[in-house]
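**Student:** Just need the structure, nothing else, for what follows:
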Amino acid sequence: MTDELHLRCDFSGLVLAGGRSTRMGRDKAFLRVDGERLIDRQLAILRALGAREVFVSGRRGVNYRVSPVNVHLDRLAGCGPAGGILRGLQVCRSRFLFVLAVDLPAISPSFAAEIARHVAQGRGVVPRHDGLYEPLAAIYPRSVLPLWETMVNAGQCSLQDLIGAAVRSRQLASWSLTNEQHAALVNWNCPADWGAPAS
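**Tutor:** Predicted coordinates:
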């Protein structure tokens, strides 16, 4: 991975790995692609892009074995990935937070860098496909934190709603994906996705 992939903005990197992986039947963070754990793969992508710091959003009682990377626990129970992203925005020291879900095995450093090329005028960027935002491979400005905290405290935990509010306030821009680009965001939810038999 070369310097040409490095982003031109100050950003921190967050890997979302706090899901319970109920349908998969095992923790998706520890599944392997080409011999590499998914969690290590996503952290490596963020580092290759030049993240100022990288950390993991995880759940209590799991040893992610990612030392010296910090693991932060969600402070809001039952809020799904929105809770992990909010926690990341609260602890990051950069203007932007690049979020990657742990269960995106097809994303590459070059595609992640392409997402970042759509950051402009201080706004973050979230991909969009078929009218829906793709919030789990996106770049969020830290400035969105007060808006989102207000919404979540009012019981709004839908990432589609949170992102929609940030787009309307011009803190986030959306990037429309082609079908081919969208294939890079396929995620693993069950053993058949991973190519393993159900247990």
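
**Student:** Confirm for me that residue 125 is in contact with residue 114.
**Tutor:** No - if you go by C-beta atoms under 8 Å, residue 125 and residue 114 don't touch, sitting 10.3 Å apart. All C-beta atoms are positioned from the backbone trio N, CA, C, and that covers glycine.

**Student:** what about the two, which has more around it?
**Tutor:** Just comparing residue 125 and residue 114: by other C-beta atoms under 10 Å the higher neighbour count belongs to residue 125, 21 against 16.

**Student:** Mind telling me what element the nearest residue in space to that one that is not next to it in sequence is part of?
**Tutor:** For residue 125, ignoring the flanking residues on the chain, the nearest one in space by C-beta to C-beta, 6 or more residues apart in numbering is residue 118 at 4.3 Å. Counting by DSSP states H and E, no helix or strand carries residue 118.

**Student:** can you pull the buried residues of the host helix or strand of residue 41?
**Tutor:** Taking DSSP H and E as the definition, residue 41 sits inside helix 38-48. Residues of helix 38-48 classed as buried: 38-43, 45-46, 48 (neighbour count, 16 or more other C-beta atoms under 10 Å).

**Student:** where along this protein do the helices fall?
**Tutor:** With DSSP state H as the criterion, the chain has helices at 38-48, 81-91, 109-116, 145-153, 159-168, 179-182, 191-194.

**Student:** Relative to residue 32, which of the ones you listed is closest?
**Tutor:** helix 38-48 (7.3 Å; C-beta to C-beta).

**Student:** Not counting its own residues, what contacts that closest one?
**Tutor:** For helix 38-48, contacts defined as C-beta atoms under 8 Å, 6 or more residues apart in numbering pick out 1, 5, 13-15, 17, 28-33, 36, 54, 56, 64, 66, 69, 98, 100-105, 107-109, 112.

**Student:** which among these end up buried?
**Tutor:** Here, 16+ other C-beta under 10 Å leaves 5, 13-15, 17, 28-31, 54, 56, 64, 66, 69, 98, 100-105, 107, 109, 112 buried among the contacts of helix 38-48.

**Student:** Could you give the number of residues near residue 152?
**Tutor:** Under the neighbour criterion other C-beta under 10 Å, residue 152 is assigned a count of 17.

**Student:** list the contacts for it?
**Tutor:** 76, 79, 82-83, 86, 162.

**Student:** Where is pLDDT lowest across those?
**Tutor:** Among the contacts of residue 152, residue 76 has the lowest pLDDT, at 73.

**Student:** what angle do the helix holding residue 41 and helix 109-116 make?
**Tutor:** 60 degrees (axes from the mean of the first three to the mean of the last three C-alpha atoms, to 10 degrees).

**Student:** Low-confidence ranges, this protein, go.
**Tutor:** Within the chain, the segments meeting pLDDT under 70 span 1-8, 18-27, 188-199.

**Student:** Distance-wise, check the residue nearest to residue 125 relative to residue 52.
**Tutor:** 20 Å (C-beta to C-beta, to the nearest Å).

**Student:** With neighbour numbers in mind, choose between those two.
**Tutor:** residue 118 (17 against 14).
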